[in-house]
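Chemist: Mind looking at a prediction? Sequence and model below.
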Amino acid sequence: MSTEPNTGQTPTPSPTPTPTPPSAPELTVVVPAYNEERRLAPTLAAIKAHLDGPDQGEWELIVVDDGSTDRTAEIAAEASAADPRVHLIRGDRNRGKGHALRQGVLASYGRRVLITDADLAAPIEELDHLDKALADGHTAAIGSRARPGATIGAHQHRLREFLGRTGNFLIRSVAVPGIRDTQCGFKLFDGDRAREAFAASRLRGWGIDVEILQYFRRAGWPVAEVPVRWSHQEGSKVRPLDYVRVLAELTALKARAIRRADVLVALLFLALSVTLYAQRWISPASRYFPDSMQDQNQWEWFFAVTADNVRHLDNPLFTTLQNFPDGVNLMANTVMLGLSVPLAPVTWLLGPAVALNVAMTGGLAATAVAWYWLIRRRLTAHRGAAAVGAALAAFAPPMVSHANAHPNFIVLFMIPLIIDRALRLCEGTRVVRDGVVLGLLATYQIFLGEEPLLLAALGMLLFALAYAAVRRDVAREAWRPLARGIGIALAVALPLVAYPLHWQFFGPQSYQSVLHGDHAGNSPLAFLSFAERSLAGAAETSDPLALNRTEQNAFYGWPLTALAFAIVVRLWERAVVKALACTVLGAALLSLGPKFRVPLTDIVLPGPWALIRHRPLFESVIEGRVAMVCAPALGMLLALALARLLTRDKAPAGRYAGVAAVALALLPIVPVPLDAVDRAEVPPFIARGTWRAYLGPHETLVPIPVPDAAHAEALHWQTVADLGFRFPGGYFNGPWGPDRVGIYGPSPRNTSTLLRQVSDSGQVPKVTRAWREAAREDLEFWKAGLLVLPPQPNEAALRTTVDALVGQRARWVDGVWVWDLYEGRGDDRVAHGGS
């Protein structure tokens, strides 16, 4: 992939700048002035004395009075009357330094244009150093107080200097990376280029310096930063808050610079995402995705418990609201703190269902926009081609499958930013800065989802190895800055994530790995088939090829597969195409698992996943998900092909045929809206808060049967009840056994296992004294105060079994059967910890 940025078009200059006439002076000096009556006369005298020296050539000096209320304009007018080379431009009111500079530069004729502040904080004699930089081939030379060799004669107040440096750092980080001092008021430009840049400028305030430097950078005009002598002058018009205003101006400038076409593309992606989730947006709190199984309950609970932890300043990495008393290690359960924490206000105000909808709908659209940005920046400037490629990357069948239930696998907007920053490291221009940024991006992605980051790193490794094999010259130049930058990134990220990761892997309820069985890989047929939510898909053909409908990790369809093969053959001469093709092929092979069966035969072959399946981190990965790496790689191949098709000179018939082929390949995998159904009603006993009259403050409510990964409606009960009670069991990842192997749900206990068997079979077991004693121990372990049985299949068998286990008959209260274990036994409830 190219590491050269795609800068797009240079802004159109307006108004038209004045070209340099044949008799133009060598130098124009522009001095913006506002209420400078005390300093202007000495400044003009110093400038004239220097410019009248030997070997200075013809010059002109333009003073731009920016609506001063003192004698500034009169002083400049007197100087102009005494020397015709001095000119005055007088403003009727104060409009800002940017406006004054623009007026002065556009009125200039010099082959070179110097702009300097009226206080001459940088002496005019420093012009000689800037002149040398222009003579060396640069188009602009800017004075710098931050470059080695700069001399500070008189410092500002320490607080003012600190605020200035901080503001300058933020400005250059946002706008012109690599330039250490954007705000020093002593800059020399090539005259014609300065007039073009200032004619295209829009800012009126202090941000004009950055806007002009941005223009030079986009145009590819070299800029030198030259160390100068500088002394703080009392009466400076620059205030610490002006740096904040500069940032605000630049933000507004960037917003105005966004092309309408890019906005339309982003809105298109948002519309696609909203359409995908339309059936849940109808009524977020009462609509449910059945294909998510219990995942929607779990994710809404994650958002609710995170918001509750934020509100009460509790530990966001652990809770005992479910799986009481052992609790749940939230860091080990992908609660997406990077989204659930910022969206806590949405959860408080509108509920976890709306917050989850916002996260998934907005996150998927943002992911598409991020891929669009990366493709335009690194592969092609053609907006249409980039939009189609990004749409495939974000709305490919595997992404739509995970859109049912897994926000951590569809909210991937950080991945393109991480890829771009890694490519910047390969350029080797600003390794420290890019390494720091990469570390911060990776840190945030860890709090969005660690497994997607691992898969992205695997995909980037496949691409890098393939690209290095075909472009060894690039690899030799890139590997050192890349390695150094990755080291810096690790040095930044590790201190930030050390505690959360230690809690995840070694804290309470941590586990070693999660077992997914031997059939978590993709069948080769899955790549040629269509997903259930694709336009050409059908459940009867897709379901047998996947673990479930949230894990249809391939399903790109045979038309897209054939088109991708044709694109690779046609564009094979390009190194990036070879690398992308190898990435797709490598990810597809790894996703087959440690072994796979050749379709239509009984032949079983070993897969390359076997080489890494037991390595740290990879042992918990569902290998079929590696095929998700193919989505952005295929999107990039498609964007390259479309850009070539639409920009090369081709006969209209050939162009139409190519576009038609792309449309026919994509049409079968166009996603259809996800199915949603009316949610199971929460029993009034829970929804109305009746449970509060039965439950002591330190007791738990035990749903019957005890919740597990396949039956987690109790999580929804808990969110409806504002997390007012705790319960045993639940749906989460936790440890099991002495080896602390990761499993879905709680470690089984005698009573929970018995009740699940009754629920599944409908058979009432013989309840012996041993079973009753086991139930007593389990209920005591759970600190149970209330058992609740909602209407469900095999309800009668469950009720009879629990009656026998606890030695009392259930009562029907507000739509559920309840057993109040301490009814009429106030002393026992107090001893147990109740009220």
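Modeler: Done, it's in.

Chemist: Listing request: residues of the chain with sub-threshold pLDDT.
Modeler: 1-22, 153-177, 233-247, 256-257, 649-650, 824-835 (pLDDT under 70).

Chemist: now the nearest residue to residue 344 once chain neighbours are set aside: how far from residue 301?
Modeler: Leaving aside its sequence neighbours, residue 344 sits nearest to residue 307 (C-beta to C-beta, 6 or more residues apart in numbering; 4.1 Å). To be clear about C-beta, it is placed using only N, CA and C from the backbone, and glycine gets the same treatment. Distance of residue 307 to residue 301, given as C-beta to C-beta, to the nearest Å: 11 Å.

Chemist: Which of these two has more residues huddled nearby?
Modeler: residue 301 (28 against 24; other C-beta atoms under 10 Å).

Chemist: Which residues are in contact with residue 421?
Modeler: The contact partners of residue 421, taken as C-beta atoms under 8 Å, 6 or more residues apart in numbering, are 434, 437, 438, 441.

Chemist: do the same with residue 775
Modeler: So residue 775 contacts 750, 751, 805, 806 (C-beta under 8 Å, 6+ apart).

Chemist: pretty sure the first one contacts residue 774?
Modeler: Yes. Under the criterion of C-beta atoms under 8 Å, residue 750 lies in contact with residue 774, with a separation of 4.0 Å.

Chemist: quick one, which of these two is more surrounded?
Modeler: Neighbour count, other C-beta under 10 Å: between residue 750 and residue 774, residue 774 has more, with 17 against 14.

Chemist: Show me what secondary structure element comes after the helix or strand that one falls within.
Modeler: Secondary structure assignment for residue 774, by DSSP states H and E: helix 769-781. Counting by DSSP H and E, the element after helix 769-781 in chain order, helix or strand, is strand 784-789.

Chemist: Direction included, what does that next one pair up with?
Modeler: strand 700-703 (parallel), strand 816-820 (antiparallel) (DSSP bridges).

Chemist: how about these, which one is nearest residue 267?
Modeler: strand 700-703 (43.7 Å; C-beta to C-beta).

Chemist: Now that closest one - C-alpha only, CSV.
Modeler: Output of strand 700-703 as CSV, limited to C-alpha atoms (Å, rounded to 0.1, in the frame of the first residue of the first chain):
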residue,chain,number,x,y,z
THR,A,700,-30.3,-12.2,46.3
LEU,A,701,-33.2,-12.9,44.0
VAL,A,702,-32.8,-16.4,42.4
PRO,A,703,-34.6,-16.8,39.0
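
Chemist: Please point out which parts of it sit buried.
Modeler: 700, 701, 702, 703 (16 or more other C-beta atoms under 10 Å).

Chemist: what secondary structure does residue 377 sit in?
Modeler: Classification of residue 377 using DSSP: H, G, I helix; E, B strand; the rest coil returns helix.

Chemist: same thing with residue 596?
Modeler: Per three-state DSSP, residue 596 ends up strand.

Chemist: Who are the packing partners of the longest helix seen in the chain?
Modeler: In the chain, assigned by DSSP state H, the helix with the most residues is helix 472-506. Where contact means 3 or more C-beta pairs under 8 Å, 6 or more residues apart in numbering; DSSP states H and E, helix 472-506 is packed against helix 414-427, helix 431-446, helix 450-470.

Chemist: Mind listing residues that contact the second one?
Modeler: In this structure, residues lying in contact with helix 431-446 by C-beta under 8 Å, 6+ apart are 173, 177, 338, 414-415, 417-418, 421-422, 424-425, 452-453, 481, 484-493, 496-497, 500-501.

Chemist: out of the residues you listed, which are buried?
Modeler: By 16+ other C-beta under 10 Å, those give 338, 414-415, 417-418, 421-422, 424-425, 452-453, 481, 485-486, 488-489, 492-493, 496-497, 500-501 as buried.

Chemist: Can you tell me the centre-most residue of this structure?
Modeler: residue 414 (3.2 Å; C-alpha atoms, centre = their mean).

Chemist: Check the gap between it and residue 308 for me.
Modeler: Distance from residue 414 to residue 308, by C-beta to C-beta: 26 Å.

Chemist: returning to what we had before: tell me which residues in the helix holding residue 774 are buried?
Modeler: Of the residues in helix 769-781, those buried (16+ other C-beta under 10 Å) are 771, 774, 775, 778, 779.

Chemist: now the strands paired with strand 784-789 in a markdown table, with distance to residue 618?
Modeler: What follows is the strands paired with strand 784-789, written out as a markdown table (distance: least, C-beta to C-beta, whole Å):
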| stretch | distance to residue 618 |
| --- | --- |
| strand 700-703 | 36 |
| strand 816-820 | 44 |
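
Chemist: now the helices for the stretch 551-700 of the chain?
Modeler: 558-570, 575-590, 630-647, 652-666, 684-687 (DSSP state H, counting those that start in this stretch).

Chemist: Any chance of a markdown table for those helices, columns mean neighbour count and distance to residue 64?
Modeler: A markdown table is the format used below for the helices of the stretch 551-700 of the chain (neighbours: other C-beta atoms under 10 Å; distance: least, C-beta to C-beta, whole Å):
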| stretch | mean neighbour count | distance to residue 64 |
| --- | --- | --- |
| helix 558-570 | 17 | 56 |
| helix 575-590 | 22 | 49 |
| helix 630-647 | 24 | 44 |
| helix 652-666 | 14 | 53 |
| helix 684-687 | 18 | 70 |
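
Chemist: Nearest to residue 75, out of those helices?
Modeler: The closest of the helices of the stretch 551-700 of the chain to residue 75 is helix 630-647. By C-beta to C-beta, the value is 57.5 Å.

Chemist: before we move on, the earlier item: can you tell which of the helices and strands packed on helix 472-506 is closest to residue 519?
Modeler: Short answer: helix 450-470, nearest of the helices and strands packed on helix 472-506 by C-beta to C-beta, at 18.8 Å.
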